[in-house]
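S.K.: Model the structure of this input:
(chains A and B)
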Amino acid sequence: MPPYYLTTPIYYVNDAPHVGTAYTTVNADALARWHRLIGDDVFFVTGTDEHGAKIVEAAEAHGTSPQAWTDSTSARFVEAWKRLDISNDDFIRTTEPRHHAVVQEFLQRVYDNGFIELGLYTGLYCVSCEDYYTEEQLVDGKCPIHGRPVVQLQEENYFFRLSAFAQPLLDYYASHRDFVRPTTKRNEALGFIRGGLEDVSITRTSFRWGVPVPWDDGHVFYVWYDALINYLTVASYGSDPARFASLWGAAHHLIGKDILKFHCVWWPAMCMAAGIEPPAEIFVHGYLLMGGQKLGKTMIQAGVAGVGDDARRVRITDVSPLALADEFGVDPLRYHLLRDVPLGGDGDFSYEGIVSRYNADLANNLGNLVSRVATVVHSKCGGVGPAPDAASTLSDRVAEVLTASSEAWSRWAPHEALEATWKLIGAANAELEGTEPWKMPPGPEVDAVLGSALEVLRIVAVLVSPAMPGTAAEIWRRIGIEGDPSAARLPDDAAWGGYPGGVPVVKGEPLFPRRKG
RNA sequence: GGCGGCGUAGCUCAGUUGGUCAGAGCACACGGCUCAUAAUCGUGUUGUCGCGGGUUCGAGUCCCGCCGCCGCUACCA
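M.R.: Below is the predicted model of the structure:
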């Protein structure tokens, strides 16, 4: 089994999980589940980023310690992903000892290799914010938040010699055409590199909530510099060389475009500086944008300033994925996130959009197919599912759809994989219309038609399991198959004729009750 | 300013190297069916493929210009 190591970004614990982070995580989860289906040895990881001045401030604001604060906020992510059926194999917190050890070992190597040096960071500093600003960020030369004059300040920091890696990065990009995808994002990264790289400060002395710099007690690493290294921590860098060697060559990062620079420029340079290969691939997705406004207050995060104020535009970061899961169901939410937004570009998230997709694809097509097949099996076959017809033309459609889905998943295109799968559902509905088994007398002919319909449902369940694992399992249960479609293996388990026949078919409530508004 | 991208049916979008490329889904209309969640199946309407030139036997598909929209242009998770 070839390894497939997939990561999400680790999420900053200053805030609760929102639909934007759920979007990234669900996409990664679906991809991980697909790779398990095709037999890869998947290692799928997510986690939380817990260091930095902002965490210290947040903890103080809540009257607690950074550790206690991050314990509680990190737990919210663990719970959210559990609720959304995220199948991560590990969960990394940057405050864990295993991570501190790897960060120190990794950066010590970079230091020993001569790519870290002491320097002076000079910047425009707002005393009220306790933060630096660039010229562009200032409003009339003053702090954009406090409107107070900023002062030129210097801080002694360690710098990573990013400037030394411009050419090595360009070379690497040239020899690894698919290092960053899609192409537009690759061009963006290349444009940034060609624009010239400056050294970056990677340590702070103004607070202690971070990973201590091993060669200088007074400093802790800047959050981004310890955060990226999580990808090595979970892969046993420095602790299990054999495991690391196996995993690292198969490392795939899924990220949002807001953190492109860190992942596509800093990170490969850091790897080079430490003497290891950059990851195999980085896929950059776009933003989920808020389309409509028709969200109930329960779907908006509690405690967000301005909630209920109609004048304020609802942002994606204000929307709670857990409330959406309560409203629509976990699988419909997952389906919408995967089906309605081509991964890579920006996309719209809207109440109208999710309802429309729910009714058209889930209630009308898939859910209704399950219902009508179950009903006719009960009226014509005594509730026992017959074996499929080996000569059914649907078997050809299955083969086509399997090919199209596989190809789409390999291109990080879940929406296309699902679109293809729905063509199979449509073909099954059309086949029923053409043969009208409900008009036939019980017998071999009816059995052949319904057996084939059940076989399509069996295979559809496998194909949709990366997107909707719960629904997939429920379909198998209803058509009388033991086990879990998520444990199926492709292509073998999509071979026509796998439905055993002679098993009980359950007539249940609608899988996805049609929604009115 | 520089670099990059986008603009195709009411909506969301597909359209490889120029020649059934004018498409899909949704929505809509009509017809069939009534097993099914007023679901399903079939058929069909809508487009000057942003605008203006050019290359070509032939261009959403290549070139030039223009209009409109957007992204990136470093230490913000």
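S.K.: low pLDDT regions in chain A?
M.R.: A:126-131, A:133-148, A:291-314, A:517 (pLDDT under 70).
S.K.: Show me what residue of it gets nearest to RNA strand B.
M.R.: residue A:367 (2.0 Å; Cβ to the nearest atom of the strand). (C-beta placed from N, C-alpha, C; glycine too.)
S.K.: so that residue touches residue A:511, yeah?
M.R.: Yes: assessed by Cβ atoms under 8 Å, residue A:367 is found in contact with residue A:511 at 3.9 Å.
S.K.: tally of neighbours for the nearest residue to residue A:390 once chain neighbours are set aside?
M.R.: Spatial nearest neighbour of residue A:390, chain neighbours left out: residue A:497 (6.1 Å); criterion: Cβ to Cβ, 6 or more residues apart in numbering. Residue A:497: 15 surrounding residues under other Cβ atoms under 10 Å.
S.K.: Same check on the one 4 residues further on?
M.R.: Other residues lying near residue A:501 total 17 when counted by other Cβ under 10 Å.
S.K.: what's the nearest residue to it if we skip its chain neighbours?
M.R.: residue A:387 (2.9 Å).
S.K.: pretty sure that neighbour contacts residue A:499?
M.R.: Yes: Residue A:387 is within contact range of residue A:499, at 6.6 Å (criterion: Cβ under 8 Å).
S.K.: returning to that earlier point: who's in contact with the residue of chain A closest to RNA strand B?
M.R.: Applying Cβ atoms under 8 Å, 6 or more residues apart in numbering, we find residue A:367 in contact with A:510, A:511, A:512.
S.K.: did I read that right, the last one in a strand?
M.R.: Meaning residue A:512. No: read with DSSP: H, G, I helix; E, B strand; the rest coil, residue A:512 is coil and lies in no strand.
S.K.: okay but it is in contact with residue A:369, surely?
M.R.: No: between residue A:512 and residue A:369 there is no contact under Cβ under 8 Å: 11.0 Å.
S.K.: any idea how far stretch A:377-388 is from the chain center?
M.R.: 40 Å (Cα atoms, centre = their mean, to the nearest Å).
S.K.: what's the first-to-last distance across that stretch?
M.R.: Distance between the two ends of stretch A:377-388: 13 Å, counting by Cα to Cα, to the nearest Å.
S.K.: what residues does it touch?
M.R.: A:437-438, A:440, A:442, A:446-448, A:450-452, A:454-455, A:479-480, A:496-497, A:499-505, A:507.
S.K.: ok, and does that stretch reach over to RNA strand B?
M.R.: Yes: Stretch A:377-388 is in contact with RNA strand B by Cβ under 7 Å from any atom of the strand, via residue A:379.
S.K.: buried ones in that stretch?
M.R.: Across stretch A:377-388, burial judged by 16 or more other Cβ atoms under 10 Å covers A:377, A:380, A:381, A:385, A:386, A:387, A:388.
S.K.: And residue A:221, how close does it get to residue A:155?
M.R.: 14 Å (Cβ to Cβ, to the nearest Å).
S.K.: scratch that, residue A:168
M.R.: From residue A:168 to residue A:155 the distance is 28 Å (Cβ to Cβ).
S.K.: Stretch A:60-75 close to RNA strand B?
M.R.: No: applying Cβ under 7 Å from any atom of the strand, one finds stretch A:60-75 separated from RNA strand B by no less than 11.4 Å.
S.K.: From start to finish, how long is stretch A:275-287 in a straight line?
M.R.: Stretch A:275-287: ends 33 Å apart by Cα to Cα.
S.K.: So for that stretch, what gets flagged as buried?
M.R.: A:276, A:278, A:279, A:280, A:281, A:282, A:283, A:284, A:285, A:286, A:287.
S.K.: where does stretch A:346-358 sit relative to the chain's centre, distance-wise?
M.R.: For stretch A:346-358, the distance to the chain centre is 18 Å (Cα atoms, centre = their mean).
S.K.: on that earlier part again, which residues are common contacts for residue A:387 and residue A:499?
M.R.: residue A:451.
S.K.: So which residues of the stretch 201-350 of chain A form helices?
M.R.: Taking DSSP state H, counting those that start in this stretch as the test, the helices found in the stretch 201-350 of chain A are A:223-227, A:230-233, A:241-248, A:260-261, A:267-274, A:321-328, A:330-339.
S.K.: want to throw those into a markdown table with distance to residue A:359?
M.R.: Output for those, formatted as a markdown table (distance: least, Cβ to Cβ, whole Å):
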| stretch | distance to residue A:359 |
| --- | --- |
| helix A:223-227 | 41 |
| helix A:230-233 | 40 |
| helix A:241-248 | 42 |
| helix A:260-261 | 36 |
| helix A:267-274 | 42 |
| helix A:321-328 | 11 |
| helix A:330-339 | 10 |
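S.K.: Which among the contacts of stretch A:377-388 count as buried?
M.R.: A:437, A:440, A:446-448, A:450-452, A:454-455, A:479-480, A:496, A:499-501, A:505.
S.K.: one step back: so which of the contacts of stretch A:377-388 belong to helices?
M.R.: In this view, the contacts of stretch A:377-388 that belong to helices under DSSP state H are A:446, A:447, A:448, A:450, A:451, A:452, A:454, A:455.
S.K.: Go ahead and confirm residue A:120 touches residue A:158.
M.R.: No: using Cβ under 8 Å, residue A:120 makes no contact with residue A:158, being 10.9 Å away.
S.K.: so what sits against both of these two?
M.R.: Joint contacts of residue A:120 and residue A:158 (Cβ under 8 Å, 6+ apart) do not exist.
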